[in-house]
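A.B. asks: make a model of this:
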Amino acid sequence: MSFIAIVPARWASTRLPGKPLLDIAGKPMVVRTAEQAARSGAARVIVATDTAEIQAAVQAHGFEALLTRADHPTGTDRLAEVAARLQLTADTVVVNVQGDEPLIDPRQIDAVAQLLAHDTQAAIATCASAIGHADTLFDPNAVKVVCDQRGRALYFSRAPIPWARDALADGRRKLANGLPALHHIGLYAYRAGFLALFPTLPVGPLERYESLEQLRALENGHAIAVLRTEYHPAAGVDTQADLARVREAYGNRL
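C.D. replies: Residues are numbered from 1 along each chain as shown. Predicted coordinates for the structure are as follows:
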């Protein structure tokens, strides 16, 4: 199947300003991410950025980059602008590869694209892995998802869901035996037709309180298919410690 990978990359970052251009083994982070996306089955890889400096750096390394508006509230809105400018057909599958994920597995990019292609009733496809530690379940920075019997998302939350009432009755933070708790992986596939619709959808209270843009789709009645993977990928880069970890990983490859 054919799909396009778009890598949104914005300059602003509270903890790491200019994050997309931070060096990882001799190349900017966003370029390393684009390289991983290019190892997938994507027919085309495009970096979408709000900054000319990022665009120039990406193009200097041989990748396509589009300069987008700077006022997009979410990465999905940025993808919507790119899809419109490229005049993609409504059924074109677009995978959102976050620009701060230089360790992303190309196979997961392929898998989420294939899931959406096969689930014609879903507007979005994403990934999740089983939670094996209580610390992850109770960490508000680790987004959880619960699914129905068809593998569609029922809800995403920073809270520990599902809540094991009996196992947690003693007040201790622990993982109940057999709890179907899933750790969301922030990799998304969309159809271009839904990307055109997304910016017009009203932001609901669930998205506002949880600060999770995927809830906008659920609050407005659009299905999200969830691929359950065997492992959780390495976290993206949000802090100096993350940057050091990724630099070490690339150093070990050389």
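
A.B. asks: tell me which stretches of the stretch 51-200 of the chain form helices.
C.D. replies: 52-60, 75-85, 106-118, 134-138, 192-197 (DSSP state H, counting those that start in this stretch).

A.B. asks: list the contacts of the nearest residue to Tyr190 once chain neighbours are set aside.
C.D. replies: Closest residue to Tyr190 apart from its sequence neighbours, by C-beta to C-beta, 6 or more residues apart in numbering: Val94 at 5.1 Å. Quick note: C-beta positions are derived from backbone N, CA and C, even for glycine. The contact partners of Val94, taken as C-beta atoms under 8 Å, 6 or more residues apart in numbering, are 3-6, 79, 83, 88, 189-192, 195.

A.B. asks: check the helices of the stretch 51-200 of the chain for me: which has the lowest mean pLDDT.
C.D. replies: Mean pLDDT is lowest for helix 75-85 out of these, coming in at a mean of 90.

A.B. asks: neighbouring contacts of that one?
C.D. replies: Applying C-beta under 8 Å, 6+ apart, the set of residues contacting helix 75-85 is 6, 8, 10, 46, 48, 50, 66, 68-69, 72, 92, 94, 96, 98, 188, 190, 192, 195-196, 198-199, 213.

A.B. asks: of those, grab the buried ones for ChimeraX.
C.D. replies: Only the buried members of those enter the following ChimeraX selection, criterion being 16 or more other C-beta atoms under 10 Å:
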select :6,8,10,46,48,50,66,68,72,92,94,96,98,188,190,192,195,198,199,213
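
A.B. asks: where in the protein is pLDDT low?
C.D. replies: Applying pLDDT under 70 to the chain flags residues 1, 14, 254.

A.B. asks: how near is the nearest residue to Leu21 once chain neighbours are set aside to Gln98?
C.D. replies: Among residues not flanking Leu21 along the chain, Pro28 sits closest, at 4.6 Å (C-beta to C-beta, 6+ apart). Computed with C-beta to C-beta, to the nearest Å, the distance linking Pro28 and Gln98 is 15 Å.

A.B. asks: in stretch 166-180, what's buried?
C.D. replies: 168, 175-176, 179.

A.B. asks: show me the contact partners of it.
C.D. replies: So stretch 166-180 is contacted by 131-135, 137-138, 146, 162, 164, 181 (C-beta under 8 Å, 6+ apart).

A.B. asks: and the residues you listed, which of them are buried?
C.D. replies: Of those, these count as buried by 16+ other C-beta under 10 Å: 131, 134, 137-138, 146, 162, 164, 181.

A.B. asks: the residues you listed: which two are farthest apart?
C.D. replies: Ala134 and Val146 (16.9 Å; C-beta to C-beta).

A.B. asks: contacting residues around His61?
C.D. replies: When contacts are counted by C-beta under 8 Å, 6+ apart, His61 is found next to 27-28, 31, 34.

A.B. asks: 6 Å instead?
C.D. replies: His61 makes contact with Val31, according to C-beta atoms under 6 Å, 6 or more residues apart in numbering.

A.B. asks: mind checking the end-to-end distance for stretch 92-107?
C.D. replies: Terminal residues of stretch 92-107 are spaced 19 Å apart (C-alpha to C-alpha, to the nearest Å).

A.B. asks: Ser2 contacts Gly41, correct?
C.D. replies: No - look at Ser2 against Gly41 with C-beta atoms under 6 Å: they stay out of range, at 8.2 Å.

A.B. asks: wait, His184 sits on Val145?
C.D. replies: Yes - counting by C-beta under 6 Å, His184 touches Val145, with 4.6 Å between them.

A.B. asks: okay, and the common contacts of these two?
C.D. replies: Ala128.

A.B. asks: want to throw the buried ones among the contacts of stretch 166-180 into CSV with distance to Leu16?
C.D. replies: Output for the buried ones among the contacts of stretch 166-180, formatted as CSV (distance: C-beta to C-beta, whole Å):
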residue, distance to Leu16
Ile131, 27
Ala134, 29
Leu137, 27
Phe138, 26
Val146, 32
Pro162, 34
Ala164, 36
Ala181, 30
